[in-house]
Every structure is written in C-alpha cells, then in structure tokens.
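**Student:** coordinates only, sequence not included:
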C-alpha cells in the first residue's frame, strides 16, 4: 500500500476501509500495494492545551473519510462555564472553533464547527454533561453565521423542514428550536441515551430553512478519555440533495503514537 499521509498514520478506520476495498475487489497482495491513501489537513486551531485540525483521507483519489484530529492535550486546560470567550445559547455556555477543510476533497462538506460544552446542554438528564459537538457543515461559514435571532424570519426558517426523503431514516425533529449560528437538531429516538442509557456518544443531524446542513457526532469528554474505538452505522435517507460522497458510518479512534483522537464521518460512498 503506497502512503502519502503528511505524518498521519493509516490506522483504525482508514486502514480497515483500505483492507475492505482490497478484499471486495478480490485483489492479490501485489495489487494491494498499489492502493494510494493520502490524508491532507486544514489549519490547526488551539483547543485547551492542544489543538484540533480537520482532515480528509483519500483512497485512490476518492474521499473515504472526513474528520477531526484532536490532540490529547486539547482535553486539558479547557474553559469552564464562567470563563471568557464563550457564548450563552439557550441557557448553556458553549465555546466554538471553526476548522477549515483542505481544498479539493470532493465531499459536500464545507467546514467543521467544533463546540466545547463544559456543562452540556438540554435536555436535562441526557446531554447535560461535559461534551464536544463536531458539526460537519454542508454550507459555508458565512451562511452558518447568518442563522441569527435578529432575522425576522428566524422561527419560520427553524420550522421549515427538509423534504422527508432527504431526512435519514428514523430521525425526527422533537421541536423546531432554532440555535443561532447552528440550526435545528434532528435526533434518532432509538439512540441509547434516549432510552435510559447514559450518554457517551451519539449522532445528530441539523437543518435550516428547509435544508439539511450538518451531520454531528457528539461525544462526552469522559468517553474520549476512555480511548475506546467505535464505528457506528448511520441510517441513510431515500436520496441525497446533490451528487457527492456521503458517510455510511461515524467513528472515534485513538492513536497512541500521535496522541490524537480522530472523530470522523467515514465509509464515504458516492451518491448520485
């Protein structure tokens, strides 16, 4: 397997995908050596005592994974509820960072918004524990920032749902509660934390003004610190809004060599 990964080790989910691709194609080991896997990064952004950066992994020229590499040190020195630099949203404090994606990746995603929530957020008893939100947006950062409560049509845009066939199977909108600079949040009522289990990680979709605009892995700080690897299948919609590469799973992997957590949309498949 040829490798040009800008010092990003090919392990975990990416390695698994590469092996699956070879197995599916029925390739001999000599042919497996011809697989070209490359990972490119956006600019690093300071988080806690470390940093985070978005990345895209390509295999033979096609995107297979888009994610965030979060340094272990980033989980130390994080701001608290009363520290400066955050924003109060519906009664909870959040600290956000915008992560740029490398150019030419071929996916519908435009940027990543990373939110650190030191006290969690609503609903109480479910998501009210320290956790990170990783919003993978299909709109520009400028369009996201225009989601503003000063807009006279703010609530109408929050209530305008995407066509049902574009919403991933099983997801519902509990209420059209608009979050400024984010959107509204769709949940899977079958998620473990909504059925009596303690929240550790989950996946949420977001929409605004009749358009799906993000996919969001949410993971608690405690779960990240456990360094467990997870790969979770994502329900799929009947169709996608445009042609491109879309995820079939989300994952969290820990790399002991680089001391990084990798939170990703993975198993990207081309959809017409």
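**Tutor:** The structure has been received and is ready for your questions. Keep in mind that this is a model prediction, so the values were computed, not measured.

**Student:** where exactly do the helices run in the stretch 101-250 of the chain?
**Tutor:** Using DSSP state H, counting those that start in this stretch, the helices found in the stretch 101-250 of the chain span residues 141-145, 154-159, 221-226.

**Student:** need those in JSON lines with mean neighbour count, can you?
**Tutor:** (Glycine included, C-beta is placed from N, CA and C.) Output for the helices of the stretch 101-250 of the chain, formatted as JSON lines (neighbours: other C-beta atoms under 10 Å):
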{"stretch": "helix 141-145", "mean neighbour count": "14"}
{"stretch": "helix 154-159", "mean neighbour count": "16"}
{"stretch": "helix 221-226", "mean neighbour count": "16"}
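
**Student:** Next, format those helices as TSV and append mean pLDDT and distance to residue 252.
**Tutor:** What follows is those, written out as TSV (pLDDT from 0 to 100; distance: least, C-beta to C-beta, whole Å):
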stretch	mean pLDDT	distance to residue 252
helix 141-145	97	24
helix 154-159	97	30
helix 221-226	98	7
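
**Student:** For residue 104, find the nearest of those helices.
**Tutor:** Residue 104 lies closest to helix 141-145 among the helices of the stretch 101-250 of the chain, at 18.0 Å (C-beta to C-beta).

**Student:** who touches that closest one?
**Tutor:** 98, 110, 111, 113, 137, 181, 182, 183, 213 (C-beta atoms under 8 Å, 6 or more residues apart in numbering).

**Student:** burial of the fourth one, as a residue count?
**Tutor:** It refers to residue 113. By the criterion of other C-beta atoms under 10 Å, residue 113 has 19 neighbours.
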